[in-house]
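Enquirer: Please work out how this folds:
(2 chains)
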Number of protein chains: 2
Amino acid sequence: MATRTQSVQEICEQAKRAARDLAALDTATKDAALAAIADAIESRSAEILEANQADSEDGRAANLDAAFLDKLALNDQRIAQMAAGVRDIIALPDPVGEELDSRTLYNGLELRKVRSPLGVVAIVYEARPNVTVDAAALAIKSGNAVVLRGSSAAERSNAVLARIVAEAGEGAGLPEGSVSLIGSGDRADLTELVQQEGLVDLVIPRGGEALKEAIKKSAKVPVIYAAAGNCHVYIDASADPEMAKRVAFNAKVQRPGVCNASETLLVHCDAAPAVLPALLNQLKDAGVELRTDARTRSLVGAHGDGLLDATEEDWATEYLGMKMAVKTVDSLEEAIEHVNRYGTGHSEAIVTSDDGAAHEFSEKVDAACIYVNASTRFTDGGEFGMGAEMGNSTQKLHARGPIGLRELTTFKYLIHGDGQIRE
Amino acid sequence: MATRTQSVQEICEQAKRAARDLAALDTATKDAALAAIADAIESRSAEILEANQADSEDGRAANLDAAFLDKLALNDQRIAQMAAGVRDIIALPDPVGEELDSRTLYNGLELRKVRSPLGVVAIVYEARPNVTVDAAALAIKSGNAVVLRGSSAAERSNAVLARIVAEAGEGAGLPEGSVSLIGSGDRADLTELVQQEGLVDLVIPRGGEALKEAIKKSAKVPVIYAAAGNCHVYIDASADPEMAKRVAFNAKVQRPGVCNASETLLVHCDAAPAVLPALLNQLKDAGVELRTDARTRSLVGAHGDGLLDATEEDWATEYLGMKMAVKTVDSLEEAIEHVNRYGTGHSEAIVTSDDGAAHEFSEKVDAACIYVNASTRFTDGGEFGMGAEMGNSTQKLHARGPIGLRELTTFKYLIHGDGQIRE
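Expert: Residues are numbered from 1 along each chain as shown, chains lettered A, B, ... in the order given. Below you'll find the model as predicted:
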C-alpha cells in the first residue's frame, strides 16, 4: 500500500500502473481477492476497533456531535456488515468484458463494443469508515485501482482498513498499488488529487456542499458528484387515498436525512379532500413541520391551523430533516411543471390509478428515478439489485441514479480485421 | 425559429420547453419531420446557394485560404448529400425508449432502465455548413432540442439552413424552438451559451484548440470535446509484411488531415527488416516526411539516408498532415507503453498474426478504438454503422469514440409499484 512518504502524484502513478494489470485480471482472481479482504476484515477486527477507538476518543474530545460520532463508530456488528458487503459484491456479475454491441461491418470488420474499467477511481468521503471498504471493493470488482481520501476524523480507522484491504488483496493476486489511501489533513493534497490529468480517470466526492465547491473550483479530471435530492411525491386526482397517504408518509418520514427522502408533497385539488386532512395530521403527529400554500390550508379546514406559509425558498430546499412543503395543484401539468422547476432530478413519485397520467409523468419529468405508486426511498444501489453504491448521481451524462459497478466502467470498441484499409 | 432579437438565455429557455415535448414524440412523427427537412433542403436549394455564394464571396475578399473556402462552399451535389444524410438518419433505429435493463425487485417493484433524450444539446462548430443539418437531424431523431452556433464565415449559409430545417420540421409536427441558431459573431454569446445551467444539457464543440480552450475556461454545463487523435500503428513481430505495409500506409496517407489518421509507426525489431525498407520508401514516395529513431535508420540502411531524428515532441504530436514518426521497439510491451504514454486514446492499431499479442494489445492499450489488422481510419460513426456523428470523443465517461444518436441520450429508471414503501 502507498506510504505517507509518497506524494499524491506518486501514489496516482503507482495506481495507474496497477490499473493496467487490474484491467486484465479475470473474474476469479478479483473475486478471490475480495474474499480474502472480507476474511481479513473479520480476522483483524481487533486492529480496526483499536484504531477506531482512538478516532472516536479524539472526536469526543473535540466535541463532535453525537450523530457524527455515531457515523464514525465501528463495532463488531458493523465490521461484520462491512465484510458481508464485500461478499455481496463477489456475488454480482463482473461488468468488465460485457459485450454492449457487436456487428459485422460492410467490409467484413468485426466490431465489438466491450465494457472495460475506467482505470484509476478516486473517492473523497467523510466520516463513515465503511466507505473505505465499500469503495475499494466496488473498484476492485470493476477492475479499477482506487485512491481513497477519507476525513481526518476517521484517519486512523481508514488507515487500518485501507492497509488490511490492500494487504489482503495484494496477497491474493491484486497488483501492488491497487488500493491507496492519501492523507486527509491537507487540503492541498485534495487539490493535487483532482488535478492528476492522465492519471486519475474519475473522482467521486461523497460529502457536503463545501467539499463539492472546493472540488468544482480546482478539478481538472472528470468528477461525478454524489447528489442532492429535492424529491417530490405527487398525488394525482385518481390516486387511491390510502396508498397515497402511505407512500407520502414513508417518503418523508422513514429516513428524512437522506437524499431520496421527499421534501415537497404536491396534491391534485380533486384528491385533496380525501387525502390531505388525515395525511397532514399524520405528518404533524410524527413531528414533521409543514409549510403549505394558502389553498392547501383552506382545503383542510381546522387541520390547517398553525401551518406555516411555504415560500419560494421552501419549494427549492432539500430539508434533509423533518420538514415538508405542501402544495395543492390544479392539474398533472402543473405538478410536472413544479417538479421540473424545483426538483434536482433525483427521485420523483406519482401516486395514481390512471395509466395515462403515470405515463405522462414518467415521460415529462426530468429525473434519474421516477416512481409510479411507490416511495422515493427506494433509490439505492442495494434496493435496485446493483449491490453497494458510491452514491447517487443526478447528472445526465455517464451515470444517472445509483453509482454501482457498471458506472465505474467505460467501454472500448474492439475491431478485428484481416487487413482492411479505407478506400 | 429563434430570432436575432432573442437573448441566448431566451433561446435556450425556448429550446428547453421544446425539449419536453420532443421527448414525448413518437418515432413516426420525428421521422416524418426529418423527411420534410430533407425534402425542403432540396426544394429550397436556390436560397441555400444564394446565401452560400454571399458567404463565399466575403471569404474570398477576406483572403481565407483555399482549403477553408472549399469546406465552406456548397453546390447542388453537396446539398443532395445533406438531404441524403438526413434520410440516412431516418433509417436508423430510434434510441429513445430503448430498454437497457429491466428487473422485478424482491418487493415486487418493476424496474426498467430506459433511454431518454438529454434535453437541449448545443453544437459549436466551424466552417462546414452541412454540420447545421447533420447536427439538427441527429438531435431531432434522438428527441433533443438543438441550439446551433456556427462560424461567422458561414453565417448566412447557416442561417438559411437552420431556418429551412426549423420551418420544415415545425411544419411536420416538431414543437417550436426545436432548432435554434445563435449568432456567431459575438464571443460573449458563446460564453453565455456554455453557462446555461439547467437549460443546456450538453455542449459539443467541434473545432480547433482555441475554441476548446475558450470553452474550458467558461463552461458550467457538461461538455464533450470532439477530440484530437495521436494515433499509432504497431507492427508486431508476427505481422504479415504485406498486410503491415498496406495498413500502415493507408492509416497515414489516405486522409492525413483527420483525427483518425496515424501519426506514429511502431515496428517490432523482428519485423523491421521485412517491412521497414519498402514501407519507408513508399511513404517517402507519397510525400510523407519521416522522423525516426536512430535504430530505425540503422535497420533500413540506405533507405534511411536523409531521414530526420524523431524528438520527444514528434512522439507527442498530432501532425494532421504528411509527416510520420517511426520507432523500432523490442517488444509488444514497449509498444503498448509507448502508445499509452503518447497516445490520446483515440484509435490504435496492431498488425499481428499472434492472437495472444492481439489480445494483450486490445486489453492493455487505453483507447476508444483498438484495431487488430485494420487501418485506424475506420473510426467514424458512418463506418461503424451508427449513421452521422457529432465527432469523436476520447473521454471515458458517457461517450467514447463516435458521438452518434445513442451518445445524445441519457436514461431514466422507471419504477412501477402498487404502493410499496420502504420498511
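
Enquirer: what about the strands in the stretch 1-150 of chain A?
Expert: A:99-104, A:110-117, A:120-125, A:145-149 (DSSP state E, counting those that start in this stretch).

Enquirer: Nearest to residue B:114, out of those strands?
Expert: Residue B:114 lies closest to strand A:99-104 among those, at 16.2 Å (Cβ to Cβ). (C-beta placed from N, C-alpha, C; glycine too.)

Enquirer: got the buried residues for that closest one?
Expert: By neighbour count on 16 or more other Cβ atoms under 10 Å in any protein chain shown, the buried set for strand A:99-104 is empty.

Enquirer: That one pairs with which strands, and in what direction?
Expert: Next to strand A:99-104 in the sheet, as set by DSSP bridges, lie strand A:110-117 (antiparallel).

Enquirer: Dump the strands of the stretch 1-150 of chain A into a markdown table; add distance to residue B:290 as well.
Expert: Listed next are the strands of the stretch 1-150 of chain A as a markdown table, based on distance: least, Cβ to Cβ, whole Å:
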| stretch | distance to residue B:290 |
| --- | --- |
| strand A:99-104 | 35 |
| strand A:110-117 | 31 |
| strand A:120-125 | 35 |
| strand A:145-149 | 38 |
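
Enquirer: Residue B:259 is nearest to which of those strands?
Expert: That would be, of these and by Cβ to Cβ, strand A:110-117, which comes in at 18.3 Å.

Enquirer: what's the angle from that closest one to strand A:145-149?
Expert: Relative orientation of strand A:110-117 versus strand A:145-149 (axes from the mean of the first three to the mean of the last three Cα atoms, to 10 degrees): 30 degrees.

Enquirer: Would you mark the buried spots in strand A:110-117?
Expert: A:111-117.

Enquirer: Near chain B, which residues of the stretch 51-200 of chain A are found?
Expert: Residues of the stretch 51-200 of chain A found near chain B, taking Cβ under 8 Å from any Cβ of the partner chain as the criterion, are A:103, A:105-106, A:109, A:111, A:118-119.

Enquirer: is the helix or strand bottoming out on mean pLDDT in chain A anywhere near chain B?
Expert: Across the helices and strands of chain A, mean confidence by mean pLDDT, DSSP states H and E is lowest for helix A:209-218: a mean of 86. No - looking at helix A:209-218 against chain B by Cβ under 8 Å from any Cβ, there are no contacts, and the closest approach is 9.4 Å.

Enquirer: just stretch A:234-253 next, same as before
Expert: Yes - judged by Cβ under 8 Å from any Cβ, stretch A:234-253 and chain B are in contact via A:240, A:243, A:246-247, A:249-251.

Enquirer: Let's test this: mean pLDDT of that stretch, rounded?
Expert: Stretch A:234-253 shows an average pLDDT of 98 in the prediction.

Enquirer: Using CSV, list the CA coordinates for that stretch.
Expert: Output in CSV follows, covering the C-alpha atoms of stretch A:234-253 (Å, rounded to 0.1, in the frame of the first residue of the first chain):
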residue,chain,number,x,y,z
TYR,A,234,-47.4,14.0,-6.4
ILE,A,235,-50.8,12.6,-5.5
ASP,A,236,-52.9,12.6,-8.7
ALA,A,237,-56.6,13.1,-8.9
SER,A,238,-57.1,9.4,-9.4
ALA,A,239,-54.9,8.2,-6.6
ASP,A,240,-56.1,5.6,-4.1
PRO,A,241,-56.2,7.7,-0.9
GLU,A,242,-54.9,5.0,1.4
MET,A,243,-51.9,4.3,-0.9
ALA,A,244,-51.3,8.0,-1.4
LYS,A,245,-51.1,8.6,2.4
ARG,A,246,-48.9,5.5,2.9
VAL,A,247,-46.4,6.4,0.1
ALA,A,248,-46.2,10.1,1.0
PHE,A,249,-45.7,9.4,4.7
ASN,A,250,-43.0,6.9,4.1
ALA,A,251,-41.2,9.1,1.5
LYS,A,252,-40.9,11.8,4.1
VAL,A,253,-40.6,10.1,7.5
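
Enquirer: Return the set of buried residues in that stretch.
Expert: Neighbour-count burial for stretch A:234-253 [16+ other Cβ under 10 Å]: A:234-241, A:243-253.

Enquirer: In which helix or strand does the closest residue to chain B within the stretch 151-300 of chain A reside?
Expert: When scored by Cβ to the nearest Cβ, the stretch 151-300 of chain A has residue A:250 as its residue closest to chain B, at 3.6 Å. According to DSSP states H and E, residue A:250 maps onto helix A:241-253.

Enquirer: Let me know the next secondary structure element after that helix.
Expert: Heading C-terminal from helix A:241-253 (DSSP H and E), you reach strand A:262-268.

Enquirer: Direction included, what does that next one pair against?
Expert: strand A:231-235 (parallel), strand A:323-329 (parallel).

Enquirer: closest one to residue A:375 among those strands?
Expert: strand A:231-235 (7.9 Å).

Enquirer: Helix A:241-253 and the closest one, what's the angle between them?
Expert: 170 degrees.
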